[in-house]
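# sharing a model prediction with you, sequence too.
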Amino acid sequence: MGGQAGEAVRWTAEQVSALAPDDASRRAGVKLSAPGPWSGAGAGTGAVWGLCKGSGKKPYQTVVDLDGGQGPGFRCSCPSRKFPCKHAVGLLLLWAGGDAAVPEAPQPPDWAEEWLTGRRERATHKAARTREEQQD
């Protein structure tokens with residue numbers, strides 16, 4: 001679906017909706033797929049990120065690794081135990097719609113980059129271990 005580096009092919013709303021863990025998350029994600037609650041959003045290096053205004057003082061930090069060598073991954077600072085949470089679904093729907101609220105960016109902010117780097121390093125190490133085990 002997406003690439004590791006550079007501009008990723010935007011997903012369709014159907015692809016995003018298929019990732020939602022349940023109908024309630026899908027419906028809540030649709031409500032969050034407008035630019036209003038989002039700030040600092042961007043897409044690039046195979047990821048999409050943004051800050052979503054919630055009920056607290058601090059916005060939720062939401063980042064999606066579109067592939068990272070192991071399929072899509074999601075991280076959000078919200079307390080939800082669903083993956084992806086409604087914020088990730090909403091952000092992906094906003095991005096999928098081609099909205100200017102999620103512009104292409106050369107690099108994610110530090111909070112997103114830290115998680116993406118860790119996730120991708122773990123995937124690389126896991127793949128290397130698997131190759132070694134297959135050679136034994």
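Cool, got the structure.
# tell me which element the residue lying closest to L94 once chain neighbours are set aside falls in.
Spatial nearest neighbour of L94, chain neighbours left out: S33 (4.9 Å); criterion: Cβ to Cβ, 6 or more residues apart in numbering. C-beta: built from backbone N, CA, C; applies to glycine. Using DSSP states H and E, no element contains S33; it sits outside every helix and strand.
# residue contacts, T124?
G69 (Cβ atoms under 8 Å, 6 or more residues apart in numbering).
# how about it, phi and psi?
phi -60, psi -40 (degrees, to the nearest 10).
# beta partners for the residue nearest the centre of the chain?
Among the residues of the chain, the one closest to the centroid is V64, at 1.3 Å (Cα atoms, centre = their mean). For V64, the beta-bridge partners under DSSP bridges are V48, F74.
# report pLDDT for it.
pLDDT for V64: 97.
# same check on Q4?
Reading off the model, Q4 has pLDDT 41.
# hang on, the earlier thing: surely the residue nearest to the centre of the chain and L92 touch.
Yes. In terms of Cβ atoms under 8 Å, V64 counts as a neighbour of L92; the distance is 6.0 Å.
# anything in contact with each of these two?
48, 84.
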